[in-house]
Every structure is written in structure tokens, then in C-alpha cells.
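Undergrad: how does the following fold in three dimensions:
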Amino acid sequence: MIPRANIISASAVFPSNPRSSGAASRWGDFGRLPAAARGSAFRPHAPRLTAPDYREVLEIEGFRIEIAETKGFRRDQEDAFFVGRFAPAAPLGRRAALTEAFRSTERITRGNYCGSTCTVAVVGCDRLLTLAHLGDSPALLFVLDGVTGDVYFKSLLTPHNTLEPAEKQRVETCHEVHCLSLESSPVSDPDTAREWRELADVTRLGRISIPNGGSLAVSRAFGDRDYDWALARRPDITEIDLAGLLPGLHVNDRVFLCVACDGLTELPSRNLDNAHLWLADSLRRTLQNQDAEHLAEHLIAHAYQHSTDNITAMLTEIPNAPLPGGGAVVMGVADGHGGAKTAWQVAENMRRVLLGDVG
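TA: Residues are numbered from 1 along each chain as shown. Presented below is the predicted three-dimensional model:
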């Protein structure tokens, strides 16, 4: 079941559109961007992204997958991605394969100074979607209503950060245990133990703080050895039957799945509701301009107007009915921080375990 905390209230954002009353009941759990509304708001005089640093379109198991990325305003590109046919190296089901992929990746990246998030989507021709994530890289679902022109959208994942009450409590408990361990150890430096104990608010502003002044935006990640005491390495795995989530699809409705790094939804206000609205508006206008071949490219160009991070987006259209063949595709991103090493190791191992790529 999708966490309701991540569902956007459409009525709080836009007034109801009488033309879409029927659609509103069909997509009641989704945020809504009415056809007549605009969700765009850019920084004044922000430069336009003329072209992505990388773009590719792949056809896999009947799915058309578009990938686009840019390093944006950062000096280096610290994102990595992986995509391909789900063909695990061992004969495992989706959940078991994802569990093994994250477990083995944790072993490989243990002790790395830099870190990385990871979000993976496995979507099948049977329209079953399995998601696994560690950190705050989003997975979003967009539905273009073929009758009204409204766009409906839902965030499918809950970010792992200390703005979430359960994660905040867990990190604060880990901090207390870490302090007690330092204070009771005969080999610990008393000054170090005191610095940790005097740390005023270890989860201040939704980040994890340490005594040297460093801080981390996520509460689960690979690598990040300075935060070993606080980080959880276990992913959340969610299984979604898209036929049940999207009841009553009309033949003209279009459904898109987007897996991205958090640079795609970065706003100065950190308001994810607004970020999702603006992305929905960008997607709708792109389709209205009959430029469906460049959806991911337009999404990252849109995000470039307000994001200072690396931006990577992978997007595919979900069919309105099951596809023949019975296969599945994997779309995944690893969003590095503090360097690219961990993100590249994450992507390489995910390819090996989930795609059977031993090259």
C-alpha cells in the first residue's frame, strides 16, 4: 500500500475543475493539475538548459525508456543509472533479487567516505511494479486524462530523511547509543565523547549532524562512513499492482513512470508538492506540443530552472493493458554525494545482480 503521507491534496493546490469531476473520482488519491492551470514558476532570469549532457532512448520488453541527465550547476556528475531487462544473476523473484542486490551493494560500499542513494523500479509486462529505495531519490507516477487534459500525479516513495518522524526517532536513538558507547569505552577520547554528547540537535533541519560541522540530508544510504552510527542500509521494498492503483483507465489515458535523482524535484523551499505540480505541468505541455519523444529531456530542462544539483531522469510509458511476453524491465538511479565513487559502485553491482551483467 502506498503511504498516504506522500499523497498530495489537489483541493489544497487548485480549485476544482467542473469538467473533470468524473476523473477526480477515478483519481481521488492523486494530486491534480487541471488542464486550465499552470504549475510553472522559474527563478527570474534563470539560464535555460539548451541540451542534456546525455540522452538515450531504449526499447526493452515492449517498454520505451528515455534517459536524460545533466550535471547542472555542479562541477562534477555524481549520479549514475542502470537500465535493462530484469534477468537476475541468480534465479530469484523480484523482491528476493532486490533484497540481494541491496545487501551485496552494502558490503561493496562499506567504508566509503562518499555516499549514494539508490532507487530501483522493476516494472513488468503484467503491469506489476516493484520499487526498492534507500535515501530520497524519487519515483513518480503521472496520469494524463485523455478526456479532460488534466494531469494526475503521485509520489510512490517516502524519502528517508529525518523530516520523517520514524526516521528522526531512529537517528536520535542511534545518537544516544553512540554517545553511551563512546563514554563507556576505555579507549575513547573523553573530549570526543563530550563533543558528541553536547551536539545540540543531531537531526536539525532534517539533516544528520556530526561534531565536525558536517551534515547529511538522508538517513539511509550506501557508504558515508562518517555516519555509520546513524545510517540504516535496509531498503524499503514496495509492490504495486498498477491495474488496482489505476482503475478504469480509458483508452486515451496515458500513464508515465519516472525514476530520478532528487535534483529533479529540488526547490529552494523544499516543497515537494510544488515540485510535483511543476513537473506535471512540464509533462503536459510537452505532450500538448506533440513532443513525446523528448519527455525526460524536457523534465530535466524544467528542473534546471530551480535546481542546483545534478539532474537525472528515466521515464517510461506504462501500457493500459498487459503486454505479451511476460518480461520485466529495471530502471534505477544512484545519486552520489561527496564524490561519484559510491554511486558508480552501486550502479555496477545493481547491473550485475539484477540484469545479469557480468561484463
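
Undergrad: now for the lengthiest strand in the chain, which elements pack on it?
TA: Taking DSSP state E as the criterion, the chain has its longest strand at strand 328-337. Counting contacts by 3 or more Cβ pairs under 8 Å, 6 or more residues apart in numbering; DSSP states H and E, strand 328-337 is packed against strand 63-70, strand 79-85, strand 115-116, strand 118-124, strand 254-260, strand 311-318, helix 341-355. The way it works is simple: take the backbone N, C-alpha and C, and place the C-beta from them, glycine included.

Undergrad: same thing but at 6 Å, please
TA: Under the contact definition 3 or more Cβ pairs under 6 Å, 6 or more residues apart in numbering; DSSP states H and E, strand 328-337 sits against strand 79-85, strand 115-116, strand 118-124, helix 341-355.

Undergrad: out of these, nearest to Thr238?
TA: strand 118-124 (9.8 Å; Cβ to Cβ).

Undergrad: can you pull out the helices in this structure?
TA: For the chain, the helices defined by DSSP state H occupy 21-26, 94-109, 165-184, 190-197, 242-245, 272-288, 295-303, 341-355.

Undergrad: what packs against the last one?
TA: It refers to helix 341-355. Counting by 3+ Cβ pairs under 6 Å, 6+ apart, helix 341-355 packs on strand 79-85, helix 94-109, strand 115-116, strand 222-223, strand 328-337.

Undergrad: now, of the ones you listed, which is deepest in the fold?
TA: strand 115-116 (a mean of 30; mean count of other Cβ atoms under 10 Å).

Undergrad: pairing partners for it, with directions?
TA: Its sheet considered, strand 115-116 pairs with strand 222-223 (antiparallel), strand 328-337 (antiparallel) by DSSP bridges.

Undergrad: what's the distance between Ile318 and Arg204?
TA: Going from Ile318 to Arg204 by Cβ to Cβ, to the nearest Å gives 40 Å.

Undergrad: for the residue lying closest to Lys71 once chain neighbours are set aside, the count of nearby residues, please.
TA: Spatial nearest neighbour of Lys71, chain neighbours left out: Gln77 (4.1 Å); criterion: Cβ to Cβ, 6 or more residues apart in numbering. Per other Cβ atoms under 10 Å, the neighbour tally for Gln77 reads 18.

Undergrad: also Tyr304?
TA: Neighbour tally, Tyr304, other Cβ under 10 Å: 24.

Undergrad: which residues touch the residue most central in space within the chain?
TA: Nearest residue to the geometric centre of the chain (Cα atoms, centre = their mean): Pro138, 1.7 Å. By Cβ atoms under 6 Å, 6 or more residues apart in numbering, Pro138 lies in contact with Ala260, Thr265.

Undergrad: on that earlier part again, the helices and strands packed on strand 328-337: which one's closest to Val218?
TA: Here strand 115-116 is closest among these (Cβ to Cβ), at 7.9 Å.

Undergrad: quick one on the thing from earlier: just name the most buried of the helices of the chain.
TA: Sorting the helices of the chain by mean neighbours (by mean count of other Cβ under 10 Å), the first place falls to helix 295-303, with a mean of 25.

Undergrad: quick one: contacts of that one?
TA: Counting by Cβ under 6 Å, 6+ apart, 49, 52, 55, 66, 68, 70, 264, 279, 282, 286, 311, 313, 315 sit against helix 295-303.

Undergrad: filter those residues to the buried ones?
TA: Among these, the ones that count as buried by 16 or more other Cβ atoms under 10 Å are Leu49, Pro52, Glu66, Ala68, Thr70, Leu264, Leu279, Ser282, Thr286, Ile311, Ala313, Leu315.

Undergrad: against Tyr152, how distant is the nearest residue to the third one once chain neighbours are set aside?
TA: Read that as Glu66. Nearest non-adjacent residue to Glu66, counting by Cβ to Cβ, 6+ apart: Ala296, 4.1 Å away. Distance from Ala296 to Tyr152, counting by Cβ to Cβ: 19 Å.

Undergrad: what's the local residue count around Arg110?
TA: 12.

Undergrad: mind putting the contacts of helix 295-303 into CSV with distance to His175 and pLDDT?
TA: Shown next, in CSV, are the contacts of helix 295-303 (distance: Cβ to Cβ, whole Å; pLDDT from 0 to 100):
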residue, distance to His175, pLDDT
Leu49, 40, 70
Pro52, 40, 87
Arg55, 43, 93
Glu66, 42, 95
Ala68, 39, 94
Thr70, 36, 93
Leu264, 31, 90
Leu279, 35, 84
Ser282, 40, 82
Thr286, 45, 81
Ile311, 32, 94
Ala313, 35, 95
Leu315, 39, 95
